[in-house]
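Visitor: Coordinates only, no sequence provided:
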């Protein structure tokens, strides 16, 4: 499995060393940086935004590149901060300067000295396009091969159109299911659970063989799949809702989102 497809918590120092051994080059999914300096915020935002607007990717700090090729582990200093403080600082930079907001995963690999390797994993966004904002303007970026570029007008227009179409398709699918099940046996309470694979509504193909293998090894609910499903549920009742019963049912089933509607 390539490194950017692994759960971020499963990435170890051995994986980083393998990048050097295999002379891995930066590509559409990988970016290497040797240091995280005070002036690095713009590059973090640009790259994270570009990954999200493309197919996601992994940003590795503490890995030097030479001519785009992984060459040496340099490590990153935490500058006397705790890892929690450093992680929160990175999260705040991303949350405060990219819109719409993104959920990224951040983890650390400790080295023998006091330095670390910082990993920032960015999922493919299903709410693009995202932009980096500042006081004067907003810039949209996209990842191409081993670089991150500003998006062109036609790319931006097409992405807005596709996003609006995706939202409409999903809403129509969900609403159609609600109407169907609401009309069946109306005297009963109903719990409708939607687990929507977003790829089914996009132009991307689904590798069924890979999905089968993942399911076989019990990784269907692994962390890296959480971004590929839109999950919600609705409880429909013919009369006044019995909230105690519904709360109990919700606790037993452990749905991941809040109750969206009760009628």
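Guide: Everything's here; your move. Quick caveat: nothing in here was measured; it's all calculated off a predicted structure.
Visitor: tell me the phi and psi of residue 108?
Guide: phi -140, psi 150 (degrees, to the nearest 10).
Visitor: That one and residue 115: what is the separation?
Guide: Computed as CB to CB, to the nearest Å, the residue 108 to residue 115 distance reads 10 Å. All C-beta spots, glycine's among them, are computed from the backbone N, C-alpha and C.
Visitor: Residue 27 too?
Guide: Residue 27 sits at a distance of 25 Å from residue 115 (criterion: CB to CB).
Visitor: For burial, what's the neighbour tally of residue 147?
Guide: Look at residue 147: counted by other CB atoms under 10 Å, it has 14 neighbours.
Visitor: Kindly report the same for residue 73.
Guide: If you count neighbours by other CB under 10 Å, residue 73 ends up with 19.
Visitor: Where do the helices of the chain begin and end?
Guide: Across the chain, reading from the start of the chain, the helices by DSSP state H fall at 13-21, 41-53, 83-97, 153-183, 208-216, 243-253.
Visitor: For the second one, which helices and strands make contact with it?
Guide: Counting contacts by 3 or more CB pairs under 8 Å, 6 or more residues apart in numbering; DSSP states H and E, helix 41-53 is packed against strand 30-33, strand 57-61, helix 83-97, strand 98-99, strand 116-122, strand 131-133, strand 138-144, strand 147-150.
Visitor: And the contacts of the fifth one?
Guide: In this case it means strand 116-122. By CB atoms under 8 Å, 6 or more residues apart in numbering, the residues outside strand 116-122 that reach it are 4, 8, 11, 13, 16, 36, 44, 48, 51-52, 56-63, 73, 75-76, 78, 83, 86, 90, 102, 104-111.
Visitor: Where does the prediction get shaky in the stretch 1-150 of the chain?
Guide: Scanning the stretch 1-150 of the chain for pLDDT under 70 picks out nothing.
Visitor: and the helices of the chain as CSV, adding mean neighbour count?
Guide: Compiled in CSV, those are given as follows (neighbours: other CB atoms under 10 Å):
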stretch, mean neighbour count
helix 13-21, 15
helix 41-53, 22
helix 83-97, 15
helix 153-183, 13
helix 208-216, 11
helix 243-253, 12
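Visitor: what's near enough to touch residue 106?
Guide: Neighbour list for residue 106: 8, 87, 90, 91, 118, 119, 120, 121 [criterion: CB under 8 Å, 6+ apart].
Visitor: correct me, but the first one touches residue 107?
Guide: Yes: with contact defined as CB atoms under 8 Å, residue 8 and residue 107 form a contacting pair (4.6 Å).
Visitor: Who are the contact partners of residue 75?
Guide: By CB under 8 Å, 6+ apart, the contact list for residue 75 reads 62, 111, 113, 115, 116, 117.
Visitor: Now do stretch 79-86: everything it contacts.
Guide: Counting by CB under 8 Å, 6+ apart, stretch 79-86 makes contact with 78, 89, 108, 116, 118, all of which sit outside it.
Visitor: who wins for neighbours among the residues you listed?
Guide: So for the contacts of stretch 79-86 (other CB under 10 Å), the most neighbours sit at residue 118, 22 neighbours.
Visitor: which residue sits closest to that residue, ignoring its sequence neighbours?
Guide: With CB to CB, 6 or more residues apart in numbering as the criterion, residue 118 has its nearest non-adjacent residue at 4.1 Å, and that residue is residue 61.
Visitor: give the contact list for the one you found.
Guide: By CB under 8 Å, 6+ apart, the contact set of residue 61 is 33, 34, 35, 36, 76, 117, 118, 119, 120.
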